[in-house]
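# Got a sequence here, can you build the structure:
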Amino acid sequence: MDARIDAVVFDVGKVLVQWERDLPFRELIPDPEERAWFMDTVIPLHWHGEHDAGRDAAEMIAARSAEFPDHAHLIQAWLDRFNDTIPGPVPGSVELVEALDAAGVPLYAITNFGADTWAGFAPTFPLFERFRDIVVSGVEKLAKPDPAIYAHAEARFGLPGAAMLFVDDSLANVESARACGWHAHHFLDAAGLEAELRARGLI
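Model prediction:
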């Protein structure tokens, strides 16, 4: 680990903050089987991913509500209660960001996050104030693991991938970043990340 790292680039969901997609629906749809059907059929993960890739939330909700009119109020809740899907920070991650910031390490982020949901969530998480720039997939209409988002981030951050350590819980995203010449850490927990940051002399 003798390569020089000039900045650390974080993913957000499941690295900095927890994300439990069905959390608000545990209250709205108490029956587990009915809730599982709704999550898998009405608002499946790939549908949510369309928002991350840049599709407008209102357009998505209108189209889906036309297809599932009996569930329109619950589809709207996907947006209205999105922040309820984020119960808090990932244990230990906030402290690592603070330690890196205190050490003077430039911090950035690349996140697969819808533009509308990001606008509602980002102001509630003061930790983002420590970051110099954040590339949001739904805003840029580019999503990980597309190599184009890493090239875009390099241009935005003003650093080559070889000078940055990218941290993500998705192995596909990590492998794509590495293929683009970045250093990357596959995040499993804060303890593992802390060990790598210390080994690299970053904290």
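# Residue ranges in this protein under the pLDDT threshold?
Applying pLDDT under 70 to the chain picks out residues 1-2.
# got the domain boundaries for it?
7-18+87-199, 23-85 (automatic domain parsing).
# can you pull out the strands in this protein?
7-10, 107-111, 133-136, 164-168, 183-186 (DSSP state E).
# okay, the ones you listed in CSV with distance to G54 next?
In this view, the C-beta of every residue, glycine as well, is placed from N, C-alpha and C. Converted to CSV, the strands of the chain look like this (distance: least, Cβ to Cβ, whole Å):
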stretch, distance to G54
strand 7-10, 20
strand 107-111, 13
strand 133-136, 10
strand 164-168, 19
strand 183-186, 24
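# on that earlier part again, which of the domains of the chain sits most buried?
When you average the neighbours per residue for each of those (mean count of other Cβ atoms under 10 Å), domain 7-18+87-199 leads with a mean of 18.
# Endpoint to endpoint, that one covers what distance?
As for domain 7-18+87-199, its first-to-last residue distance stands at 15 Å under the measure Cα to Cα, to the nearest Å.
# Excluding covalently adjacent residues, which one is nearest to P145?
Spatially, and ignoring its direct neighbours in sequence, P145 is nearest to S176 (3.5 Å; Cβ to Cβ, 6 or more residues apart in numbering).
# what sits against that neighbour?
Shown in contact with S176 (Cβ atoms under 8 Å, 6 or more residues apart in numbering): K144, P145, D146, P147, Y150.
# hmm, try it at 7 Å
Residues near S176 by Cβ atoms under 7 Å, 6 or more residues apart in numbering: K144, P145, P147, Y150.
# Out of those residues, which is nearest to H51?
Checking the contacts of S176 against H51 by Cβ to Cβ gives K144 as the nearest, at 14.3 Å.
# OK, contacts around the closest one?
Applying Cβ under 7 Å, 6+ apart, the residues contacting K144 are I110, N112, S137, N173, S176.
# Now with 8 Å, please.
D11, I110, N112, S137, D168, S170, A172, N173, S176.
# what is the second one paired to in the beta sheet?
This points to I110. V135 (DSSP bridges).
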